[in-house]
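Colleague: one predicted model, sequence on top.
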Amino acid sequence: MNKQVSQVGVASLVLIAALIVGTTYWQTWANAGLADRQDNAIRLVAQFSIKRGKIYASDGKTLLATNVSKRVGGQTLYFRRYPTGPLFSAAVGYSTQTRNQTGLERSYNDYLTASNSNLDTVFHSTLDRLKGSTVTGNDLVLTLRPGAQALALRELQGKCGAVFAMNPATGAVLVMASSPAYNPNLIEKHYQQALRSG
């Protein structure tokens, strides 16, 4: 009987030690990797409660990405909409709930969500949080030219390929179009359909 009790005690100590080691690993070393994963639900809700900055073309008027607010579970969440549809999708990418981000939406995510370490951004986002108002991200103005972009996509219509133009003196990207193009507003819908059918 004593031998069985001591075996159970040793087994329990081994399990507790494994639990402590596992918990320590996930809380310290693996924590950063888990927080940055695109499928992290906590991060997604936190990110969609921030009003992402708008994205404009080089003229500062053509709106490429904006937000639509929706009440979900008593909380206001902000979802992306792309007024120009597929016209700038090759460069801008998309930001959705299930597919997360691609393109400039991903590479400028910290800037668009006011999470970057720019002093002005830190000051204004902290002020918004203290006031209890919605944190608003920074707007982004691109060097893409709407007229040239539309012409490039029109010329690519029905063909597979890409058009890329830049200013060699400054490195500014003026046109970035590819065909076939996709409508970033429909990514979420098409992804859900693919899940149901597959």
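Modeller: Thanks, I have the structure now.
Colleague: for residue 136, list each beta-bridge partner.
Modeller: residue 51 (DSSP bridges).
Colleague: count of neighbours near it?
Modeller: By the measure other C-beta atoms under 10 Å, the count of residues near residue 136 is 18. The C-beta positions use only the backbone N, C-alpha and C, and glycine is treated the same way.
Colleague: surely it and residue 53 touch.
Modeller: Yes. Using C-beta atoms under 8 Å, residue 136 makes contact with residue 53 at a distance of 7.1 Å.
Colleague: neighbouring contacts of stretch 87-102?
Modeller: 38-39, 44, 48, 52, 55, 57, 64-65, 79-80, 82, 103-106, 109, 142, 144, 146, 149-150, 153, 162, 173, 176-178, 181-184, 187-188, 191-192 (C-beta atoms under 8 Å, 6 or more residues apart in numbering).
Colleague: for it, which positions count as buried?
Modeller: Neighbour counts over stretch 87-102 (16 or more other C-beta atoms under 10 Å) mark 87-97, 100-102 as buried.
Colleague: what separates it from the chain centre, distance-wise?
Modeller: 8 Å (C-alpha atoms, centre = their mean, to the nearest Å).
Colleague: how far does that stretch stretch from start to finish?
Modeller: End-to-end distance of stretch 87-102 (C-alpha to C-alpha, to the nearest Å): 15 Å.
Colleague: how close does the residue nearest in space to the middle of the chain sit to residue 189?
Modeller: Residue closest to the average C-alpha location in the chain (C-alpha atoms, centre = their mean): residue 101, at 3.6 Å. Distance, residue 101 to residue 189, by C-beta to C-beta, to the nearest Å: 17 Å.
Colleague: ok, residue 119 - contacts?
Modeller: Counted by C-beta under 8 Å, 6+ apart, residue 119 has zero contacts.
Colleague: so which of the buried residues of stretch 87-102 belong to strands?
Modeller: 95, 96, 100, 101 (DSSP state E).
Colleague: for the second one, name its beta-bridge partners.
Modeller: When assigned by DSSP bridges, residue 96 has beta-bridge partners residue 100.
Colleague: confidence score at it?
Modeller: Residue 96 carries a pLDDT value of 86.
Colleague: quick check: the closest residue to residue 110 other than its chain neighbours vs residue 109, distance?
Modeller: Nearest-residue entry for residue 110: residue 116, 4.3 Å, with adjacent residues in sequence omitted and distances by C-beta to C-beta, 6 or more residues apart in numbering. Applying C-beta to C-beta, the value for residue 116 to residue 109 is 9 Å.
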